[in-house]
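In: what would the 3D arrangement of this be:
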Amino acid sequence: MPRKEDSIPATLRAVSVLEALVAAERKESREAAARRGALGSAVLEKRDRYIAAQIARTLDPGETGLIFLGMLHSLVGRLPRDIEILR
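Out: Residues are numbered from 1 along each chain as shown. All right, here's what the predicted structure looks like:
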């Protein structure tokens, strides 16, 4: 269940952009798909930064958190140094 701090509209926008990317690959030229790919990467990067900021803001010292991310997401290098990432 999403926490109060989660941004549902941002998640829905990211899903919408990624769905458009899939459709674009089928219909558009490689050049147009590359432009959309860059947009998708930017949205993914923004979402990853948002997730990392929420974790840093809400995870108190000594607490343990668990997060499941899609394979394109990465929080490596985006979290404070005192938060350890285990895979």
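
In: from now on I want contacts and neighbour counts done on CA atoms only, so please keep to that.
Out: OK.

In: below-threshold pLDDT in this structure: ranges please.
Out: 1-6, 24-28 (pLDDT under 70).

In: tell me where it has helices.
Out: 8-27, 30-58 (DSSP state H).

In: winner for burial among these?
Out: With neighbours taken as mean count of other CA atoms under 10 Å, those reach their highest mean count in helix 30-58, at a mean of 16.

In: how about residues contacting stretch 80-87?
Out: Stretch 80-87 is contacted by residues 56, 76 when judged by CA atoms under 8 Å, 6 or more residues apart in numbering.

In: ramachandran coordinates for the closest residue to residue 76 other than its chain neighbours?
Out: Spatially, and ignoring its direct neighbours in sequence, residue 76 is nearest to residue 85 (7.4 Å; CA to CA, 6 or more residues apart in numbering). The phi/psi pair for residue 85 (degrees, to the nearest 10) reads phi -100, psi 120.

In: how many neighbours does residue 85 have?
Out: Residues within reach of residue 85, counting by other CA atoms under 10 Å, total 12.

In: can you start the count at 18 instead of 1 from here on
Out: In the new count, where the first residue is 18, that last one comes out as residue 102.

In: now the helices of the chain as JSON lines including distance to residue 84?
Out: Below are the helices of the chain laid out as JSON lines (distance: least, CA to CA, whole Å):
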{"stretch": "helix 25-44", "distance to residue 84": "15"}
{"stretch": "helix 47-75", "distance to residue 84": "10"}
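
In: ok, which of those comes nearest residue 92?
Out: Ranking those by their distance to residue 92 (criterion: CA to CA) puts helix 47-75 first, at 6.3 Å.

In: which helices and strands sit right next to that closest one?
Out: helix 25-44 (3 or more CA pairs under 8 Å, 6 or more residues apart in numbering; DSSP states H and E).

In: that's all I had, so thanks and see you.
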